[in-house]
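**Student:** structure for the following, please:
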Amino acid sequence: MAGDAPSLETLEAPRGVHTSRVDEKGRLKTPAAIKQYLGSLDESRLFVTSLDLRTVRIYPMSVWRENEKLFEEITDEAEEAEELAFLAQDLGHEVEMDSQGRILIPAELRRMLDLEGQSVYLNSYRGRVNLFGKEVYEEQRGRARAKAADRLRLLEKKGLK
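**Tutor:** Okay, here's the model as predicted:
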């Protein structure tokens with residue numbers, strides 16, 4: 001993207017959960033807020049992978065490079081870091097969002113997570129965009145709602161307004 005574009009640190013990530021679809025060619029049509037966010041970054045390359053075999057993670061390359069550095073620096077759980085890095089590379093691909101805001105989801109990920117032709121849900125967290133299939137999204141939503149009151153009390157004690 002443009003050399004004078006804002007960096008990840010200066011951009012605000014989109015809030016909320018957004019819905020979309022993965023088309024028959026494996027392209028995710030990004031919702032407007034996410035397209036604008038990713039399109040505003042000072043880099044055009046994205047790394048699309050999964051680290052939990054349940055969700056797709058779409059990383060701006062600068063964020064993914066931070067993860068790669070972390071994998072290399074971890075010494076106390078080096079085997080875990082190496083295996084997770086391998087998984088990410090095995091399932092992942094570098095891509096660019098096209099002019100229509102579509103992002104190609106790697107074929108193996110689409111098949112494994114049953115995303116082709118399906119409604120999907122997206123949110124942003126910690127510099128990345130998460131993509132959930134309907135089943136995983138419903139599970140996560142159920143867990144979040146089930147313990148909402150307890151989590152709210154805990155975080156209000158820590159300063160949540």
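
**Student:** how much space separates the closest residue to Ala32 other than its chain neighbours from Leu53?
**Tutor:** Nearest residue to Ala32, sequence neighbours excluded (C-beta to C-beta, 6 or more residues apart in numbering): Gly101, at 7.7 Å. The way it works is simple: take the backbone N, C-alpha and C, and place the C-beta from them, glycine included. Gly101 is 26 Å from Leu53, where distance means C-beta to C-beta, to the nearest Å.

**Student:** looking at those two, which one has more neighbours?
**Tutor:** Per other C-beta atoms under 10 Å, whichever of Gly101 and Leu53 has more neighbours is Gly101, with 18 against 10.

**Student:** what's near enough to touch that one?
**Tutor:** Going by C-beta atoms under 8 Å, 6 or more residues apart in numbering, Gly101 touches 29-30, 32, 35, 39.

**Student:** ok, and the most crowded of those?
**Tutor:** Thr30 (25 neighbours).

**Student:** and the pLDDT at the closest residue in space to it that isn't next to it in sequence?
**Tutor:** Nearest non-adjacent residue to Thr30, counting by C-beta to C-beta, 6+ apart: Gly101, 4.5 Å away. What the model reports as pLDDT for Gly101 is 92.

**Student:** quick one: Gly101 from Pro14, how far?
**Tutor:** For Gly101 relative to Pro14 (C-beta to C-beta), the value is 13 Å.
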